[in-house]
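1. mind folding the following:
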Amino acid sequence: MKISSFDIIERKNFSLLTDQNQKGYLAEDEKDNLMDKAEIETQKALLERPSFSIRARLSLGFLLFFILSFGVTVAALVIISEIENKLKFMEAVSTYTFEIQQARRFEKNFFLYRTNLDDALTNAHQAEKILLANRDKIKAVVGEKNFATMLAHVKRYQELLAGLPTYQKTRMNPGQISIEAIEAELRTHGAEMVSVAQKLVDNERQSVDRMLSISKRVPLIFLIFLLFLIVYMVNFLARQMLGPLTRLMAATQRIAGGDFTPIRPARRYRDEFTNLTLALNRMIHELQHRQEILIQSHKLQAVGTLTAGVAHELNNPINNIMLTANMLLEDYKNLDDNERLEMINDLVNQAERSKNIVTNLLDFARESELKSELLSIEKLVNETIQLISNQLKLSKVKLAVEIPPHLPSVYGDAQQLTQVLLNIILNAIDAMPQGGNLRITAQLAKERDFIEIQVTDTGVGIPEHFLPHIFDPFFSRKPSGKKGTGLGLSVSLGIIRKHGGDIRVKSNVGTGTTFTIVLPTAQIPADIPSA
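-> Residues are numbered from 1 along each chain as shown. Here you go, the predicted model:
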């Protein structure tokens, strides 16, 4: 089996690619080991912190709130109970005062009309009963000594009332106390009892007023404290829940941007968010690992596509060159000069075709430097049209150009942008083999500070399932070996993206296709000629 030089080159390239891939895999393995070590250290740092869960913190906070509420409730109940006892005491003292006042009224009736003495004694006995029934409460208010004085007044008052009939019968005997002296003593004791009772009532009323005032302040103080507690709880929840959530949301945005750095611990305690962070770190590791596998897979796929495309595109001209050269070698003596010249021209054409394929491939692969200058869209389009004016006439394509004056200029490489326009316009002409209409327009884009150039044809159109692949290298719907290599649109898209723009396409089968070139405008006012 005969092996061509092209096969040998391909095998060498494949061997070199295999070695590079093996080195790449070794480097990836080392990188994975480093990432695993970093992940283990991060996870360990997250788990080493003392555990204090959010549930425990919330439970502790609500427990303190319950204890506070319980204390306020108990204090309120105590105050209410004290007020209730004082009100009962005031009622008893008021009753005691009423009995003393009734006894004194009946006492006056006795001295005036000699009646109601028994009634006075009854009221005095009732007052003594009330005094004895509330002994402890009265002692707590006035003290032991004052209570003894009050009781002595009542007893003496009763003795004087009970002895009035006897004093009345013996008032004329010498050496006996006069009725006037007894009356004066009764008044003294009665007034003292009423005065003490009134003081008791006044003191208790003041005490009740103070306790009522305190009972009014307690709910207000509790509400103020409750307000501060609510503010603290809101801040606590914001710090303990919204803070970590915000941090984790920022981490997810960072991950979405391609930064796979593990999330480090930021707080002293470990809680439920720690488990979420551990899961996110594991997800980050898996995402990074799978992204690296995907990138490597895409690299291999791109290399395979590129290799297959190069092999396919170069195989046809090289085969033609080999066949023509073998025929020329074998039949050289039997061929006349015209046939020899025709075969040599065929060799030159096929070699030129191979050269064009390699040139297009280099244009696609290399990063050429942009030579930016201020460019007018109208001038750029017109210069491109001049290059293909003859081809437009031969293809029976009618051209319409609509570019408004005073459009903003763009910064770019004139040669490369011309190449893009040329590729797209030539594709449009090829899409109209029987002739048609070609329309080129330019206008401000919907995006701010961008301009768009639209190239619309009335050709055969592109099926919808082909649209996602038209910018892929070596993708072409043209017949094999005819017109182009499938690199034109790929090269064009690369040039436009290096200029900060994009190429978009819309197409309907049988109706036509529109290519839209979007470029950023130069950030200076357009030149407006003076009138």
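
2. which residues in the chain form strands?
-> All strands of the chain, identified by DSSP state E, fall at 373-375, 397-402, 410-412, 436-444, 450-457, 502-508, 512-520.

3. direction included, what does the fifth one pair up with?
-> With DSSP bridges as the test, strand 450-457 is paired with strand 436-444 (antiparallel), strand 512-520 (antiparallel).

4. report the angle between the first one and strand 397-402.
-> It refers to strand 436-444. In terms of direction (axes from the mean of the first three to the mean of the last three C-alpha atoms, to 10 degrees), strand 436-444 departs from strand 397-402 by 20 degrees.

5. Leu417: neighbour count?
-> 25 (other C-beta atoms under 10 Å). For the C-beta atoms, the positions are set from N, CA and C on the backbone; glycine is no exception.

6. nearest residue to it in space, please, no chain neighbours.
-> In space, Leu417 comes closest to Leu380 once its chain neighbours are excluded; the distance is 6.0 Å by C-beta to C-beta, 6 or more residues apart in numbering.

7. what separation is there between the one you found and Ala400?
-> Distance, Leu380 to Ala400, using C-beta to C-beta, to the nearest Å: 17 Å.

8. what comes up buried for stretch 117-132?
-> Leu117, Asp119, Ala120, Leu121, Asn123, Ala124, His125, Gln126, Ala127, Glu128, Ile130, Leu131 (16 or more other C-beta atoms under 10 Å).

9. now stretch 244-251
-> In stretch 244-251, counting by 16+ other C-beta under 10 Å, buried: Pro244, Ala251.

10. just to revisit the earlier point, any idea which of the strands paired with strand 450-457 is most buried?
-> Mean neighbour count (mean count of other C-beta atoms under 10 Å) peaks for strand 512-520 among the strands paired with strand 450-457, with a mean of 21.

11. what sits up against that strand?
-> Identification of contacts with strand 512-520 by C-beta atoms under 8 Å, 6 or more residues apart in numbering yields 410-412, 417, 420-421, 424, 427-428, 431, 436, 445, 447, 449-459, 461-462, 496, 499-507.

12. cutoff 7 Å now
-> 410, 412, 420, 424, 431, 445, 449-459, 461-462, 496, 499-507 (C-beta atoms under 7 Å, 6 or more residues apart in numbering).

13. whichever of those residues end up buried, select them in PyMOL.
-> Applying 16+ other C-beta under 10 Å to the contacts of strand 512-520, the buried members can be selected in PyMOL as follows:
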select buried, resi 410+412+420+424+431+445+450+451+452+453+454+455+456+457+458+459+461+462+496+499+501+503+507
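
14. could you export the strands of the chain as CSV, including distance to Arg340 and mean pLDDT?
-> Below are the strands of the chain laid out as CSV (distance: least, C-beta to C-beta, whole Å; pLDDT from 0 to 100):
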stretch, distance to Arg340, mean pLDDT
strand 373-375, 49, 89
strand 397-402, 39, 91
strand 410-412, 48, 89
strand 436-444, 42, 92
strand 450-457, 43, 93
strand 502-508, 47, 91
strand 512-520, 45, 93
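
15. turn those strands into CSV, columns for distance to Thr149.
-> Shown next, in CSV, are the strands of the chain (distance: least, C-beta to C-beta, whole Å):
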stretch, distance to Thr149
strand 373-375, 115
strand 397-402, 120
strand 410-412, 112
strand 436-444, 108
strand 450-457, 106
strand 502-508, 108
strand 512-520, 106
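
16. among these, which comes closest to Val154?
-> The closest of the strands of the chain to Val154 is strand 450-457. By C-beta to C-beta, the value is 108.2 Å.

17. pull the contacting residues for Gly190.
-> Gly190 makes contact with Ile100, Arg104, Glu107, Tyr157, according to C-beta under 7 Å, 6+ apart.

18. out of the strands paired with strand 450-457, flag the one nearest Lys145.
-> strand 512-520 (103.5 Å).

19. any idea how far that closest one is from the chain center?
-> In terms of C-alpha atoms, centre = their mean, to the nearest Å, the centre of strand 512-520 is found 37 Å from the chain centre.

20. that one to strand 502-508, inter-axis angle?
-> 160 degrees.

21. can you give me the neighbour number for Gln391?
-> With neighbours defined by other C-beta under 10 Å, the count for Gln391 comes to 12.

22. what's the nearest residue to it if we skip its chain neighbours?
-> Once flanking residues are discounted, Gln391 sits nearest to Ile429: 6.4 Å by C-beta to C-beta, 6+ apart.

23. returning to that earlier point: now the contacts of Gly190 as JSON lines including neighbour count, distance to Lys396 and pLDDT?
-> Below are the contacts of Gly190 laid out as JSON lines (neighbours: other C-beta atoms under 10 Å; distance: C-beta to C-beta, whole Å; pLDDT from 0 to 100):
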{"residue": "Ile100", "neighbour count": "28", "distance to Lys396": "135", "pLDDT": "84"}
{"residue": "Arg104", "neighbour count": "21", "distance to Lys396": "139", "pLDDT": "83"}
{"residue": "Glu107", "neighbour count": "25", "distance to Lys396": "143", "pLDDT": "82"}
{"residue": "Tyr157", "neighbour count": "27", "distance to Lys396": "142", "pLDDT": "83"}
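
24. with distance to Met233 added, can I get these in a markdown table?
-> Converted to a markdown table, the contacts of Gly190 look like this (distance: C-beta to C-beta, whole Å):
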| residue | distance to Met233 |
| --- | --- |
| Ile100 | 58 |
| Arg104 | 64 |
| Glu107 | 68 |
| Tyr157 | 65 |
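
25. need the max-distance pair from the residues you listed.
-> Distance extremes for the contacts of Gly190: the farthest pair is Ile100 and Glu107 at 10.2 Å, using C-beta to C-beta.

26. per-residue pLDDT, Asn116?
-> Note on Asn116: pLDDT of 84.

27. would you check that it makes contact with Lys108?
-> No - with contact defined as C-beta atoms under 7 Å, Asn116 does not count as touching Lys108 (8.8 Å).

28. more neighbours, those two?
-> Legend: neighbour count by other C-beta under 10 Å for Asn116 and Lys108, higher for Asn116 (19 against 15).

29. and the more buried one, what does it touch?
-> By C-beta under 7 Å, 6+ apart, the contact set of Asn116 is Phe106, Asn109, Phe110.

30. the last one contacts Asp119, doesn't it?
-> No - contact criterion C-beta under 7 Å: Phe110 and Asp119 do not qualify, at 9.0 Å.

31. which of the contacts of Asn116 are buried?
-> Using 16+ other C-beta under 10 Å, the buried ones in the contacts of Asn116 are Phe106, Phe110.
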